[in-house]
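J.: Give me the fold of what follows.
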Amino acid sequence: MPAAVRVRLRRKGHIRRKAVTALANAILNAVGEPNAELCVELIGDRGMQRLNREYRGRNTFTDVLAFSQREAEGGPRSVLLGDVVISVHTAVRQARARHHSADEELAILLIHGILHLCGYDHERSEAEARRMRRRELIVRRLVHPLPRLIGSC
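T.: The predicted structure is shown next:
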């Protein structure tokens with residue numbers, strides 16, 4: 001399978017890895033990357049803060065980070081797309097604040113991260129942010145209904 005899911009949480013039992021893997025593969029199909037290899041890591045807030053500080057210079061929590069393996073232009077296109085790292089703790093808090101399920105929030109973050117790996121960057125400009133948002137909505141429609149991804153945290 002092109003997507004691999006790794007859970008780095010103390011309580012791993014509430015993550016349905018097979019369902020997350022299936023969703024990641026469905027998203028890869030929806031974005032036109034069915035053969036791309038992707039690693040998804042589900043971690044906690046402290047691990048995410050450490051990664052955000054180390055790679056982005058921001059000593060704060062964040063919900064999702066994407067690490068592309070296709071940064072270089074002009075060379076042969078790698079089958080390896082990259083890594084998406086999601087803080088499950090932040091996803092659960094955001095889901096509560098936005099009044100939707102943790103499954104929905106995890107799917108939103110996974111789509112967002114994968115689109116970053118495909119070259120979308122909402123921080124580049126307002127026009128690019130609108131373009132990315134439109135694509136996120138299209139992909140969300142293509143991968144619904146969502147499987148049960150996460151149990152109670």
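J.: where are the low-confidence patches of this protein?
T.: Applying pLDDT under 70 to the chain flags residues 1, 12-13, 71-77, 151-153.
J.: now the strands for the protein?
T.: Here the chain has its strands, by DSSP state E, at 3-8, 37-43, 64-68, 80-87.
J.: Which of those sits closest to residue 130?
T.: Proximity to residue 130, assessed across the strands of the chain by C-beta to C-beta, is greatest for strand 64-68 (19.1 Å). For every residue, glycine as well, the C-beta is placed using N, CA and C.
J.: which strands and helices sit next to the closest one?
T.: helix 45-56, strand 80-87, helix 102-117 (3 or more C-beta pairs under 8 Å, 6 or more residues apart in numbering; DSSP states H and E).
J.: would a markdown table of those with mean neighbour count and distance to residue 93 be doable?
T.: Converted to a markdown table, those look like this (neighbours: other C-beta atoms under 10 Å; distance: least, C-beta to C-beta, whole Å):
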| stretch | mean neighbour count | distance to residue 93 |
| --- | --- | --- |
| helix 45-56 | 15 | 9 |
| strand 80-87 | 22 | 9 |
| helix 102-117 | 23 | 9 |
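J.: quick one, which of those is nearest to residue 25?
T.: Among those, the nearest to residue 25 by C-beta to C-beta is helix 102-117 (10.6 Å).
J.: Just want the angle from the closest one to strand 37-43.
T.: Using axes from the mean of the first three to the mean of the last three C-alpha atoms, to 10 degrees, the inter-axis angle of helix 102-117 relative to strand 37-43 is 130 degrees.
J.: Between strand 3-8 and helix 102-117, find me the angle.
T.: Inter-element angle recorded for helix 102-117 and strand 3-8: 120 degrees (by the same axes, to 10 degrees).
J.: one step back: and of the strands of the chain, who's closest to residue 132?
T.: Proximity to residue 132, assessed across the strands of the chain by C-beta to C-beta, is greatest for strand 64-68 (11.9 Å).
J.: Show me how far that closest one is from its chain's centre.
T.: Strand 64-68 has its C-alpha centroid displaced from the chain centroid by 7 Å (C-alpha atoms, centre = their mean, to the nearest Å).
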